[in-house]
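In: Mind folding the following:
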Amino acid sequence: MSNVQKFQQQEQEFQYYKHLALVAAKSGSHTLSAEALMNIMLTAKDLGISPMKAINGGFYIVNGKISMSTALMADRIRKDGHSIKIPEWTDEKCAIIGVRKDNGDSIRFEFTIKDAERAGLTRSQTWVKFPKQMLYNRAMATLARVLFPDVVGNCYSEDEKYDIMDVAPERRPLEDDNAHVMFARVEDVERVEKTITLEPTIENLKEALCKDGVETGYLEEYVTMLCNKKNQPMKEIIKSAMLPQILPRFKEAYSKEHKKQKEAIPA
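Out: Okay, here's the model as predicted:
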């Protein structure tokens with residue numbers, strides 16, 4: 001391949017990622033700018049990771065630096081042939097053993113709920129509701145940085161990013177929520193939006209839910225909660241929820257949350 005052909009290929013790839021980033025930024029499913037999303041995609045390309053996997057949970061940005069999720073850390077470590085074992089994993093402790101394939105170096109790292117309490121982490125609602133997963137995230141991220149820096153770089157877990165950003169535990173958002181299920185795949189957004197004729201209003205969303213017998217008394221409060229959590233205008237949240245391939249999942253998430261709210265009301 002000549003230098004001219006290589007340049008043309010690189011230019012085509014650049015334009016492709018630029019287009020994906022612009023569509024993702026306009027879709028309403030991401031709070032990052034198109035430039036930030038493109039930066040993530042190009043980083044993922046260097047690691048052989050698909051752009052959509054990268055921007056839908058695989059990577060995030062901490063103080064301007066791109067970092068991996070713990071799920072992607074484990075995925076990359078194992079794909080490189082190294083070993084990860086979890087001999088102990090409860091609501092009280094997570095212990096992880098890593099073994100390198102090249103030189104046999106091994107480390108066992110554990111993180112306990114007492115460690116979390118000493119650090120003040122258990123004031124976070126995510127730690128209260130999902131202690132087992134959060135213990136895993138802390139243990140995995142530390143093990144990955146210490147034993148596999150050539151694979152994951154200086155990456156941090158989803159919860160650690162708030163440590164770096166100096167966000168108090170009680171002010172951290174609940175990470176494992178149903179809000180994320182409502183957003184479409186980026187490559188489908190432009191095509192699907194052309195088929196939508198209804199205005200993205202709360203009344204039209206209510207009508208769409210009522211057709212399937214879904215109660216809508218809590219809908220405005222639920223959508224407002226999503227707006228605050230995603231830091232996006234109501235119109236964008238509703239527009240995304242009304243996409244044909246997303247509406248069924250939105251109904252499921254909304255109905256589940258509505259049920260929890262009703263059960264919380266004293267009889």
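In: Please identify the buried residues of stretch 207-218?
Out: For stretch 207-218, the buried set under the neighbour-count rule, 16 or more other CB atoms under 10 Å, comprises 208, 209, 216, 218. No exception for glycine: its C-beta is placed from N, CA and C like everyone else's.
In: what about it, distance to the chain center?
Out: Its chain's C-alpha centre and that of stretch 207-218 lie 28 Å apart, by CA atoms, centre = their mean, to the nearest Å.
In: List of residues touching it?
Out: Stretch 207-218 is contacted from outside by 206, 219, 242, 247, 251, 254, 255, 257, 258, 261, using CB atoms under 8 Å, 6 or more residues apart in numbering.
In: Give me the domain ranges for the protein.
Out: Structurally, the chain divides into domains by automatic domain parsing as follows: 3-62, 73-171, 178-264.
In: Quickly, which of those bottoms out on average pLDDT?
Out: When the domains of the chain are compared on average pLDDT, domain 178-264 comes out lowest at a mean of 71.
In: Next, format the contacts of stretch 207-218 as a markdown table and append secondary structure and distance to residue 149.
Out: Converted to a markdown table, the contacts of stretch 207-218 look like this (DSSP: H, G, I helix; E, B strand; the rest coil; distance: CB to CB, whole Å):
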| residue | secondary structure | distance to residue 149 |
| --- | --- | --- |
| 206 | helix | 51 |
| 219 | helix | 47 |
| 242 | coil | 45 |
| 247 | helix | 44 |
| 251 | helix | 44 |
| 254 | helix | 42 |
| 255 | helix | 44 |
| 257 | helix | 40 |
| 258 | helix | 45 |
| 261 | helix | 45 |
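In: So which bits of the biggest helix by length in the chain are buried?
Out: When the chain is parsed with DSSP state H, its longest helix is helix 3-27. Counting neighbours by 16+ other CB under 10 Å, one finds that the buried residues in helix 3-27 are 17, 18, 20, 21, 22, 23, 24, 25, 27.
In: just stretch 235-247 next, same as before
Out: Counting neighbours by 16+ other CB under 10 Å, one finds that the buried residues in stretch 235-247 are 236, 237, 238, 239, 240, 241, 242, 243, 246, 247.
In: ends of that stretch, how far apart?
Out: 15 Å (CA to CA, to the nearest Å).
In: Now do it: distance to the chain's middle.
Out: Average the C-alpha atoms of stretch 235-247, do the same for its chain, and the two points are 18 Å apart (CA atoms, centre = their mean).
In: How about stretch 118-137?
Out: Relative to the mean C-alpha coordinate of its chain, stretch 118-137 is positioned 17 Å out (CA atoms, centre = their mean).
In: Compute the first-to-last residue distance for that stretch.
Out: Distance across stretch 118-137, first residue to last, is 17 Å (CA to CA).
In: before we move on, what about stretch 40-59?
Out: From its first residue to its last, stretch 40-59 covers 7 Å (CA to CA).
In: And stretch 159-168, by the same measure?
Out: Across its full length, stretch 159-168 reaches 11 Å end to end, with CA to CA as the criterion.
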